[in-house]
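Colleague: next comes the sequence, and after it the predicted model I'd like to discuss.
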Amino acid sequence: MSVVKINVLTVPQEQRETLEKRFASRAHAVESSDGFEWFELLRPIEGTDDYLVYTRWRDEASFQAWMEGPMKAAHQGGGDTGGERPKPAASGSTVWSFEVVQQAGPVGA
């Protein structure tokens, strides 16, 4: 059964561009991971500073393998700061976990 992970990132207005650039620079870093099914970065429109990072995985084991491997490595790199880890763009983070129990797509798809 597929699992969905939603990382809720609290991002101050002045850090939004930084967050989006960081995600763009790591584009395609997750797509080749075993068990990966979907990714979306959702920008808030009104009423919140929280971005949602939506990922869908074949199972919990696939997500955990990605967390301990490629994701961990991507967040430990020094980026373009001469080896120093850049300051986080988000001021807070919470992960919500769900199992997919029902789904629907467009008719004819």
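Modeller: That came in fine, so what should we check first?

Colleague: so for stretch 97-109, mean pLDDT?
Modeller: Average pLDDT, stretch 97-109: 90.

Colleague: C-alpha coordinates for it, CSV please?
Modeller: What follows is stretch 97-109, C-alpha atoms only, in CSV (Å, rounded to 0.1, in the frame of the first residue of the first chain):
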residue,chain,number,x,y,z
SER,A,97,2.4,10.4,7.3
PHE,A,98,-0.6,8.8,5.6
GLU,A,99,-1.5,5.5,4.0
VAL,A,100,-3.5,5.7,0.7
VAL,A,101,-6.8,4.0,1.3
GLN,A,102,-8.7,5.4,-1.7
GLN,A,103,-7.8,7.2,-4.9
ALA,A,104,-9.4,8.3,-8.1
GLY,A,105,-8.1,9.8,-11.3
PRO,A,106,-9.7,11.6,-14.3
VAL,A,107,-12.1,9.5,-16.3
GLY,A,108,-10.3,8.0,-19.4
ALA,A,109,-6.8,8.5,-18.0
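
Colleague: what about the helices in the chain?
Modeller: Taking DSSP state H as the test, the helices found in the chain are 16-25, 60-66, 72-76.

Colleague: mean pLDDT lowest where, among those?
Modeller: Lowest mean pLDDT within the helices of the chain: helix 72-76, at a mean of 70.

Colleague: what would the helices of the chain look like in a markdown table with distance to Tyr54 and mean neighbour count?
Modeller: For glycine as for every other residue, the C-beta is placed from the backbone atoms N, C-alpha and C. Shown next, in a markdown table, are the helices of the chain (distance: least, Cβ to Cβ, whole Å; neighbours: other Cβ atoms under 10 Å):
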| stretch | distance to Tyr54 | mean neighbour count |
| --- | --- | --- |
| helix 16-25 | 12 | 14 |
| helix 60-66 | 13 | 16 |
| helix 72-76 | 17 | 11 |
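
Colleague: nearest to Asp49 among the ones you listed would be which one?
Modeller: Comparing those by their distance to Asp49 (Cβ to Cβ), the top pick is helix 16-25, with 8.5 Å.

Colleague: now do the closest one: distance to the chain's middle.
Modeller: In this view, helix 16-25 has its centroid 12 Å away from the chain centroid, taken as Cα atoms, centre = their mean, to the nearest Å.
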